[in-house]
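Asks: from the sequence below, what's the structure:
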Amino acid sequence: MLGVDDFALRRGHVYGTVLVDIESGSPVDVLDDRTAGTLTAWLREHPGVGIVCRDRAGAYAEGTRLGAYAEGARLGAPQALQVADRWHVWNNLATAVERTVARHHACLRPPEDATSAIDTLAGAAPPASTPAPGLVRTDRIAVRTRECYAAVHRLRGQGLGVRAIVAELGLAKGTVRRFVRATGVDELLATDGTGRRHSLLEEFKPYLHRRWTAGCTNATLLFEEIEAQGYRGRYQIVRDYLRPFAPAHPSPNRRHRCRRSVGSRARS
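Replies: Numbers count the residues shown, from 1 in each chain. A predicted model of the protein is given here:
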């Protein structure tokens, strides 16, 4: 079982690949980069790998920089089974839970003491729902985000457009647009656990997966369907997300099986 993962020689610029024997925990080799070609060549020079253990990046189905390991394993060891390693499975689960809690922390109540619990059982009105202590971010980035969000929406309420707000506050146009589209500041502060903001597409991914599995592979139609459900992002985001799922040689008849989902029509 061969473990494959990247590491940074210079974060954001130069990366290498480390190969590890999963069963013994011993390093096997270090590659100069993290491209599919380099991994393919190594696997062909070292036949016999039965299982390739890697992370779960969705784009790894393509032979892109992000999909190098899946592509390299597929070409260099086509007989090998590709699996996700335990660390990445737990990490993905943890980041999903963290993102969900961050986006819905206002729904949580602080723990009740024995007295309040007894009062509630006796018929007293339950305490008002308030955010659980410790879940409200107070770091510098969070404070700055709240200030900018308030300023953007104050100017928006005065009738100013995005360009005027950009000129007034000195913020990037993309930042202002993101703040305008956000349903609340909590949406801006929720991250995927690595510091990156959650995708606008996140809540619509299960729907896209169901429709794709059902045979609808028309990105334009799927975009229109989730847009009717409230998606506020661009078509390109949907197209790029779905691209790795497309087969290398699609059936000529597959495209025509896609029909608009009745439940996806815009609400009147």
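Asks: could you use CA atoms for every contact and neighbour count after this?
Replies: OK.
Asks: quick check on Arg10: phi, psi?
Replies: phi -150, psi 100 (degrees, to the nearest 10).
Asks: hey, what's it bridged with?
Replies: Val14 (DSSP bridges).
Asks: let me know the pLDDT of it.
Replies: With respect to pLDDT, Arg10 scores 79.
Asks: what of Ala164?
Replies: Predicted confidence (pLDDT) for Ala164: 93.
Asks: looking at this, it is in a strand?
Replies: No: assessed with DSSP: H, G, I helix; E, B strand; the rest coil, Ala164 is helix; it does not lie in a strand.
Asks: the stretch 1-150 of the chain: helices as residue ranges?
Replies: 36-45, 68-76, 86-103, 114-121, 140-157 (DSSP state H, counting those that start in this stretch).
Asks: which of those sits most buried?
Replies: Highest mean neighbour count of those: helix 68-76, a mean of 24 (counted as mean count of other CA atoms under 10 Å).
Asks: quick one, that one and helix 36-45 angle?
Replies: Angle, helix 68-76 to helix 36-45, by axes from the mean of the first three to the mean of the last three CA atoms, to 10 degrees: 40 degrees.
Asks: could you give the average pLDDT over helix 68-76?
Replies: Here the average pLDDT along helix 68-76 is 79.
Asks: i'd like the first residue to be 6 from this point on
Replies: Right, with 6 as the first residue, what we last looked at is helix 73-81.
Asks: pull the residues that contact that helix.
Replies: Around helix 73-81, the neighbours that count as contacts under CA atoms under 8 Å, 6 or more residues apart in numbering are 9, 39-49, 57, 59, 65-68, 85, 87.
Asks: if we can go back for a sec, in TSV, list the helices of the stretch 6-155 of the chain along with distance to Asp26.
Replies: Shown next, in TSV, are these (distance: least, CA to CA, whole Å):
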stretch	distance to Asp26
helix 41-50	14
helix 73-81	15
helix 91-108	14
helix 119-126	53
helix 145-162	40
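Asks: so His158 sits right up against Val185, yeah?
Replies: Yes: counting by CA atoms under 8 Å, His158 touches Val185, with 6.9 Å between them.
Asks: low-confidence ranges in this protein?
Replies: Applying pLDDT under 70 to the chain flags the ranges 17, 61-72, 107-108, 110-111, 113, 115-142, 195-204, 252-273.
Asks: now do 90
Replies: 6-22, 27-31, 37-45, 51-151, 175-180, 182-183, 186-212, 214-222, 232-273 (pLDDT under 90).
Asks: would you map the strands across it?
Replies: Assigned by DSSP state E, the strands in the chain fall at 7-15, 19-26, 31-36, 56-59, 86-89.
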